[in-house]
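Peer 1: only geometry, no sequence info:
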C-alpha cells in the first residue's frame, strides 16, 4: 500500500503597513489532504528603509513534509532540499498569494512543455539527474489547446505552482499584474516535477521542501498629535497649592 501525499500551501502576498505598529500581515496557510505532516519555519530579517518606509521585513517561510523526509537526506533547511518559490512567478512579485498544490490522484488536464515567461524562474533551478525518475515529466505548463493528459494515483506526485487552488488550470489574478497588458493577467499553472529536490537515499525520492520570501514594508503615515492640558484645570491645581 502506497502513502498518498496531497496538500496545498498558500504563500502570502506582500504587505504595506501604513503605521509603525507591530506589523500585521497575512501568513502562510497549509492544508494537508493526504498522508502528510507539514512543518513551517519562519525567519524574519529586518532592513533599514530604502525608500519612504520606516523599515522593511523579509519574512522567509520554509515548509517541509515530515512524512516524506528522511535523515539520510541531510539538513532539511539545506538549499539542495528546498524548491525556491520564486517571487517572479507569473510576474507576481508579491502582489498576490502563490500556491503549491501537490496531487497524487486520478485527473486530467492540458499541458505542454514550458516555454513561456511564466515558467522561466524555474528553468535554472537544479533538476534531478537524468533517468533518476523514468516517468518524471519535463517542466510543463497548462495550455488550453493542448491534448488532455491523464494523471494517476501511482505514488508519483505532481507538484504544481498555481495562482489558485485548482491544479492544472489558468488563473486570473484579482489584482492583475500592475501592468497595462490585460492579456498578461492569465497565469498558466506550472508543473515543476523536473526541478523538485530529490534524495537518492530516500524511498520517497522527492524531497517535499519549499521556501518563499514575503516582503513587509512598514510606513509611518499617521500625523503626530500633541495633547495640551486644559488651562482651567492647571489654574485650579495652582490655587489649591
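Peer 2: Ah, there it is. None of these values were measured; they are calculated from a predicted model.

Peer 1: quick one: the helices in this structure?
Peer 2: Taking DSSP state H as the test, the helices found in the chain are 120-123, 231-240.

Peer 1: next one: the shortest one to chain centre, how far?
Peer 2: So that's helix 120-123. When distances are taken as CA atoms, centre = their mean, to the nearest Å, helix 120-123 is centred 15 Å away from the chain's centroid.

Peer 1: quick one: list the elements packing against that helix.
Peer 2: The contact analysis (3 or more CB pairs under 8 Å, 6 or more residues apart in numbering; DSSP states H and E) places helix 120-123 against no helix or strand. Any C-beta I mention is one placed from the backbone N, CA and C, and that applies to glycine too.

Peer 1: just checking, which helix or strand of this protein averages the lowest pLDDT?
Peer 2: Every helix and strand in the chain was compared by mean pLDDT, DSSP states H and E; the lowest is helix 231-240, with a mean of 58.

Peer 1: mind checking how far residue 201 is from residue 81?
Peer 2: For residue 201, the distance to residue 81 equals 12 Å [CB to CB, to the nearest Å].

Peer 1: need the residues touching each of those two.
Peer 2: When contacts are counted by CB atoms under 8 Å, 6 or more residues apart in numbering, residue 201 and residue 81 are jointly contacted by residue 73.

Peer 1: which of the two has more neighbours?
Peer 2: When residue 201 and residue 81 are compared for neighbours, residue 81 comes out ahead with 21 against 10, by other CB atoms under 10 Å.

Peer 1: and residue 203, what does it touch?
Peer 2: Taking CB under 8 Å, 6+ apart as the criterion, residue 203 is in contact with residue 70.

Peer 1: let me redo that: residue 209
Peer 2: 62, 63, 64, 65, 69, 76, 81, 82, 83, 197.

Peer 1: who is the second one paired with across the strands?
Peer 2: Read it as residue 63. With DSSP bridges applied, residue 63 shows beta-bridge pairing to residue 40, residue 210.

Peer 1: I figured it hits residue 28, correct?
Peer 2: Yes: the pair residue 63 / residue 28 is scored as a contact, 7.3 Å apart, by CB atoms under 8 Å.

Peer 1: mutual contacts of those two, please.
Peer 2: Taking CB under 8 Å, 6+ apart as the criterion, residue 63 and residue 28 both touch 9, 40.

Peer 1: residue 122 against residue 90, yeah?
Peer 2: No: Residue 122 sits out of contact with residue 90 when judged by CB under 8 Å, with a separation of 11.6 Å.

Peer 1: more neighbours: which of the two?
Peer 2: Between residue 122 and residue 90, counting by other CB under 10 Å, residue 90 is the more crowded of the two (27 against 24).

Peer 1: verify the contact between the more buried one and residue 187 for me.
Peer 2: Yes: proximity of residue 90 to residue 187 meets the contact threshold set by CB under 8 Å, at 4.1 Å.

Peer 1: any low-confidence regions in this structure?
Peer 2: For the chain, the stretches flagged by pLDDT under 70 are 1-2, 116-119, 123-137, 173-185, 221-226, 228-241.

Peer 1: follow-up on the earlier one: out of the contacts of residue 209, which is nearest to residue 99?
Peer 2: Residue 99 lies nearest to residue 63 out of these, by CB to CB, at 12.0 Å.

Peer 1: ok, the closest one to residue 187 distance?
Peer 2: Using CB to CB, residue 63 is found at 21 Å from residue 187.
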